[in-house]
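Novice: Pasting a predicted model and its sequence here:
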There are 2 protein chains.
Amino acid sequence: MSQNATSASNPFSARPADKATLEEGNLFAPKFDDQGLIAAITTDTATGEVLMFAYMNAQALALTIETSQAHYWSRSRNELWHKGATSGQVQHVQEIRTDCDQDVVLLKVTVEGNGASCHVGYNSCFYRNVSLGQKAETATLTAPIADRVYDPADVYGKKD
Amino acid sequence: MSQNATSASNPFSARPADKATLEEGNLFAPKFDDQGLIAAITTDTATGEVLMFAYMNAQALALTIETSQAHYWSRSRNELWHKGATSGQVQHVQEIRTDCDQDVVLLKVTVEGNGASCHVGYNSCFYRNVSLGQKAETATLTAPIADRVYDPADVYGKKD
C-alpha cells in the first residue's frame, strides 16, 4: 500500500511566526520538512539508551500521540509504519518531547515482544562505534558493542 | 561566511552496495542526504540525556571525528558550526556511534562552560513534553520540565 508522506493533510496547529511562542509557549506546532516528515529519536524509558532514529509524517505523529504506540513513516517502503506490527516489537510511548524549534520529536518507550528495536537483531540500532581520532578517508567502525538479542530470520523470515 | 553544505567534497568511503557490509562490517560509510547532510543526535555521556539534534555535512563530521569536538552544519546560518565557539558550550566527544544503515550519528559528549547545549537556556533542547492521548488539532505542550541553567542574553547578547 504505497502512499505519499504528505497525502494525509497536516492536522497540527500552524507554526507561530513569533519565535518566543514557538520556543517557550505551550502550543504544539511541529515542523514537517518539504517531504512532509519530521525526525523522531526513540529512547528506552528505563535505560535512556537511544534505540533508533526514524521519521514520521503528520499521520504517524498524530497516531503516536493519540494511541501511545509509536508509528513512523517508512521511507524505504513509502508507507505508514506501525512499529512492531510484523515483529511484535511494539513501542509503548511513555513520553513525547519536542525541541526548542519543534522540528524533531523524542520518544521514551518500553518495547513489547523480544524487547529489541533494530531489524539487524540488536536492542538498539546504534551497535557500532566510530573510532575517534581518525581521518575521514580511513574511518572504521568497531565490532558490535552489544550482543544480538534475536535472529532476524526468526522474526522476518528469510526474505530481505 | 555563507557556504554550501556540499561545497566541501565528501572524504568518506563510498557506500557499499552490499547490505551485510553496511550493516555488519567495519567500514564507516555515512550516508548524506541530497542536501549533503546527515542527522546527528547528541547525548550527555554521564546521564544519557538527549541534549540536542542537528545536522552535519561531511566536513563537520570529519572535523568531529578528527578533533573530538562536535561540529555541525547550521541550516539557519548556512555555515559550518563549531558548537561552543560563541557560547563556550564546547562539546567534547567521548563516543560516536552510527546506526544499522549508517544514515545518522549519535554523539556522547561532555559539555564545557556552563554545561548547557540549548540556546534557549536549558541543558537540553528537549525541555517540553507533548501531552499524550490528545487529538493532533488540539495538542499542547507542558510547561518546561527543567529549570533554565543560564540566561541566553548573558551569552549571546541581546541580539536574536
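Specialist: Okay, I see it.

Novice: CA atoms for contacts and neighbours, from now on please.
Specialist: Fine.

Novice: what does the helix or strand bottoming out on mean pLDDT in chain A contact?
Specialist: None of the helices or strands of chain A scores lower by mean pLDDT, DSSP states H and E than helix A:152-156, at a mean of 89. If you take CA atoms under 8 Å, 6 or more residues apart in numbering or on different chains as the criterion, helix A:152-156 is touched by A:Thr86, A:Ser87, A:His119, A:Val120, A:Gly121, A:Lys159.

Novice: would you put the C-alpha positions of that helix in PDB?
Specialist: Backbone C-alpha positions of helix A:152-156 (Å, rounded to 0.1, in the frame of the first residue of the first chain) are rendered in PDB as follows:
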ATOM      1  CA  PRO A 152      16.100 -11.500  12.400                       C
ATOM      2  CA  ALA A 153      15.300 -14.700  10.300                       C
ATOM      3  CA  ASP A 154      13.100 -15.900  13.100                       C
ATOM      4  CA  VAL A 155      11.100 -12.700  13.100                       C
ATOM      5  CA  TYR A 156      11.000 -11.500   9.500                       C
END
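
Novice: burial of A:Arg77, as a residue count?
Specialist: A:Arg77 has 11 neighbours, counted by other CA atoms under 10 Å in any protein chain shown.

Novice: again, but for the one 4 residues further on
Specialist: Using other CA under 10 Å as the criterion, A:Trp81 is surrounded by 17 other residues.

Novice: and it, what is it in contact with?
Specialist: A:Ala60, A:His71, A:Tyr72, A:Trp73, A:Ser74.

Novice: ok, it to B:Ala40 distance?
Specialist: Taking CA to CA, to the nearest Å as the measure, A:Trp81 falls 22 Å from B:Ala40.

Novice: Reformat the contacts of helix A:152-156 as a markdown table; add neighbour count.
Specialist: Formatted as a markdown table, those follow (neighbours: other CA atoms under 10 Å in any protein chain shown):
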| residue | neighbour count |
| --- | --- |
| A:Thr86 | 11 |
| A:Ser87 | 17 |
| A:His119 | 18 |
| A:Val120 | 21 |
| A:Gly121 | 18 |
| A:Lys159 | 6 |
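
Novice: Which members of the residues you listed additionally contact chain B?
Specialist: Residues of those in contact with chain B (CA under 8 Å from any CA of the partner chain): A:Val120.

Novice: For chain B, tell me whether the biggest helix by length in chain A is touching it.
Specialist: Longest helix in chain A, counting residues (DSSP state H): helix A:58-67. Yes: Helix A:58-67 lies within reach of chain B by CA under 8 Å from any CA, at A:Ala62, A:Ile65, A:Glu66, A:Thr67.

Novice: Helix or strand for the residue positioned nearest the centre of chain A, just tell me which one.
Specialist: Against the mean C-alpha coordinate of chain A, by CA atoms, centre = their mean, the closest residue is A:Ala54 at 3.6 Å. Using DSSP states H and E, A:Ala54 sits in strand A:50-56.

Novice: rewinding a little: among the contacts of A:Trp81, name the buried ones.
Specialist: The neighbour count (16 or more other CA atoms under 10 Å in any protein chain shown) marks A:Ala60, A:His71, A:Tyr72, A:Trp73, A:Ser74 as buried among the contacts of A:Trp81.
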